[in-house]
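A.B. asks: Take this sequence and fold it.
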Amino acid sequence: MRIAQRFRSFRDWCVERFGENLHRVALDAGSQCPNRDGSKGFGGCHYCDVDGSGTGALREGRDLAAQLRDGLARVARRKHSGRAIAYLQSYSNTYVPAERLEEVLAVLAPHAGREIAAVSIATRPDTLPESALDVLERWNARAPVWIELGLESASDKVLLDINRLHTLAEFHDAVRRVKRRGLLCVAHAILGLPGDGREGAHRTALELAKSGVDGVKAHQLMVLERTVLAHRWRQGAVSTLELADYAAWLADFVERLAPEQVLHRLHGDAPSGLLAPQWSRINPGVREALEAELERRGTRQGAFHGS
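C.D. replies: Residues are numbered from 1 along each chain as shown. Just a heads-up that it's a prediction; the model follows:
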């Protein structure tokens, strides 16, 4: 058996489902977050910078149509280029009136099913009203729609401590509602959050497996400028994982997912303002390290599923 078959990669899944690899075009539609506007809290999640873990392109004066045009052009120039995933990344993209969501999708509409193979919507479990799902269910007939839900940790205490301000129960409810609409669901998890630990990463993987999400995005905790976490890191109250430790934790995590869940991401890329860990600045070889660790253990994705 090839080492690469020890986990279900996004690239392999894309080729199976779409006949080609797909490339994400990150878009900023100017959405907001209930943890910043006072609906739930202020300041955002402790690890999240002022661009909402996105590009900040709209704030820089680049409207959505220009962002999409430039992104599609970059994809077309890539070697072995395929079609694109229009990824509404910044903040919570269903935390808007249904009419605004329709306006955003209308910008993508001329390219749907052509240059755009799928549309991916990043949001929170507690900002996903049925009105938004109505819009996205209709859009799913035009191009596949993926809902990306941030869970980050299966511990309600950790979620509260990092100012996430939603619960594990809300996450499971959101996944059920997404799946009822026939939409693909992808969940996000951060390994190494303060107070979570290695056992916390195990619990998060098991909850993601139980939820039945179609895909998972995992990444290392990163400390960014302009975040609450940066203050705690400078005070020595927060540490990040070294690459070897992250690869071991990630192997644990993958072993506890369901065998059919697709790993859409294995690590985070370093945005501007990165403080730690420094290995995030380069292509760190996480995929290769994960493959090697699973081979060393003689395990694979799902080896401890349900345990």
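A.B. asks: sec struct for residue 260, please.
C.D. replies: Here residue 260 takes the coil state, with states given by DSSP: H, G, I helix; E, B strand; the rest coil.
A.B. asks: residue ranges with poor pLDDT in this protein?
C.D. replies: Low-confidence regions of the chain, defined here as pLDDT under 70, cover residues 1-4, 51-61.
A.B. asks: What is the neighbour count of residue 226?
C.D. replies: In terms of burial, residue 226 registers 13 neighbours under the definition other Cβ atoms under 10 Å. The C-beta positions use only the backbone N, C-alpha and C, and glycine is treated the same way.
A.B. asks: ok, and the closest non-adjacent residue to it?
C.D. replies: Across the structure, with Cβ to Cβ, 6 or more residues apart in numbering as the measure, the residue nearest residue 226 apart from its sequence neighbours is residue 49 (4.7 Å).
A.B. asks: ditto for residue 250
C.D. replies: That would be residue 290: by Cβ to Cβ, 6+ apart, it lies 5.5 Å from residue 250.
A.B. asks: Give me the neighbour count for residue 194.
C.D. replies: Burial of residue 194 is recorded as 18 neighbouring residues (other Cβ under 10 Å).
A.B. asks: Doesn't it belong to a helix?
C.D. replies: No - with the criterion set as three-state DSSP, the secondary structure at residue 194 is coil rather than a helix.
A.B. asks: you'd agree it is up against residue 163?
C.D. replies: No - counting by Cβ atoms under 8 Å, residue 194 stays clear of residue 163, with 11.4 Å between them.
A.B. asks: From residue 186, how far off is residue 75?
C.D. replies: Plainly put, residue 75 is 20 Å away from residue 186 if you go by Cβ to Cβ, to the nearest Å.
A.B. asks: Between the two, which is the more surrounded one?
C.D. replies: Neighbours were counted for residue 75 and for residue 186 using other Cβ under 10 Å; residue 186 has more, 22 against 19.
A.B. asks: The host helix or strand of that one packs against which elements?
C.D. replies: Take DSSP states H and E as the rule and residue 186 turns out to sit in strand 184-191. Taking 3 or more Cβ pairs under 8 Å, 6 or more residues apart in numbering; DSSP states H and E as the contact definition, the neighbouring helices and strands of strand 184-191 are strand 145-152, helix 168-180, helix 197-211, strand 215-220, helix 243-256.
A.B. asks: The ones you listed: which one's closest to residue 7?
C.D. replies: In terms of Cβ to Cβ, the element of the helices and strands packed on strand 184-191 nearest to residue 7 is helix 243-256, at 5.2 Å.
A.B. asks: residue contacts, the spatially closest residue to residue 203 that is not a sequence neighbour?
C.D. replies: Beyond its immediate neighbours in the sequence, the residue positioned closest to residue 203 (Cβ to Cβ, 6+ apart) is residue 154, lying 4.5 Å away. Listed by Cβ atoms under 8 Å, 6 or more residues apart in numbering, the contact set of residue 154 reads 168, 200, 203, 204, 206, 207, 208.
A.B. asks: Wait, the third one touches residue 156, no?
C.D. replies: This means residue 203. No - shown here, residue 203 and residue 156 do not form a contact pair, counting by Cβ under 8 Å, at 11.2 Å.
A.B. asks: From the neighbour counts alone, determine which of the two ranks first.
C.D. replies: It is residue 203, of residue 203 and residue 156, that has more neighbours when counted by other Cβ under 10 Å, with 17 against 14.
A.B. asks: For the residue nearest to residue 226, give me its contacts.
C.D. replies: Counting by Cβ under 8 Å, 6+ apart, residue 49 has contacts 224, 225, 226, 227, 271, 273.
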